[in-house]
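Asks: coordinates only, sequence not included:
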C-alpha cells in the first residue's frame, strides 16, 4: 500500500479529522534525501494499521508547507487529534520513523 497523497483539498478530512494518528511526509521531487525516505514511507503505509500515512509535495502544496513552517525537507510530522505531536527533519531509518508514532 502506498501513502495517501495529501493536498489542501483533503488535508482536513485525511489529517485533521482522522480518528487515527497520521504520519505526514513533507517532500519534493528534487530532494535527494526525500527520495531516500519515500520508499520507507510507502513500506510503513503498507505495514501499519494503527495510523495513516500520507505525503505532501511542498512544491504543489506550498500553503500547507507554510502553515506548518516546513523550512527543510524531508520533514516528517505526526498529527494526533488535529495537532502536530512530533516532528523530525532529514532522512531517517525506518525504525526511527516508526518510533515517532509512539508519542
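Replies: Sure, I can see it. Bear in mind that the values here come from a model prediction, so they are computed numbers and not experimental data.

Asks: who's sitting farthest from the centroid in this structure?
Replies: residue 30 (17.1 Å; CA atoms, centre = their mean).

Asks: Now do the contacts for it.
Replies: Shown in contact with residue 30 (CB atoms under 8 Å, 6 or more residues apart in numbering): residue 59. Heads up, the C-betas are built off the backbone N, CA and C, glycines and all.

Asks: Sticking with it, tell me its helix or strand.
Replies: Residue 30 belongs to no helix or strand when assigned by DSSP states H and E.

Asks: ok, it to residue 18 distance?
Replies: The gap separating residue 30 from residue 18 is 29 Å, by CB to CB, to the nearest Å.

Asks: next one: residue 87
Replies: Distance from residue 87 to residue 18, by CB to CB: 17 Å.

Asks: show me where the chain has helices.
Replies: With helices called from DSSP state H, the chain shows them at 11, 32-47, 62-67, 94-100.

Asks: okay, those helices in TSV with mean neighbour count, mean pLDDT and distance to residue 22 next?
Replies: Output for the helices of the chain, formatted as TSV (neighbours: other CB atoms under 10 Å; pLDDT from 0 to 100; distance: least, CB to CB, whole Å):
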stretch	mean neighbour count	mean pLDDT	distance to residue 22
helix 11	20	98	10
helix 32-47	16	96	11
helix 62-67	14	97	13
helix 94-100	15	96	11
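
Asks: Tell me how far stretch 35-54 lies from the chain's centre.
Replies: Here the centre of stretch 35-54 is set off from its chain's centre by 9 Å, with CA atoms, centre = their mean, to the nearest Å.

Asks: what's across from the spatially most central residue of the chain in the sheet?
Replies: Nearest to the geometric centre of the chain sits residue 24, at 1.3 Å (CA atoms, centre = their mean). Taking DSSP bridges, one obtains residue 54, residue 77 as the residues bridged to residue 24.

Asks: Having no further points to raise, I will conclude here.
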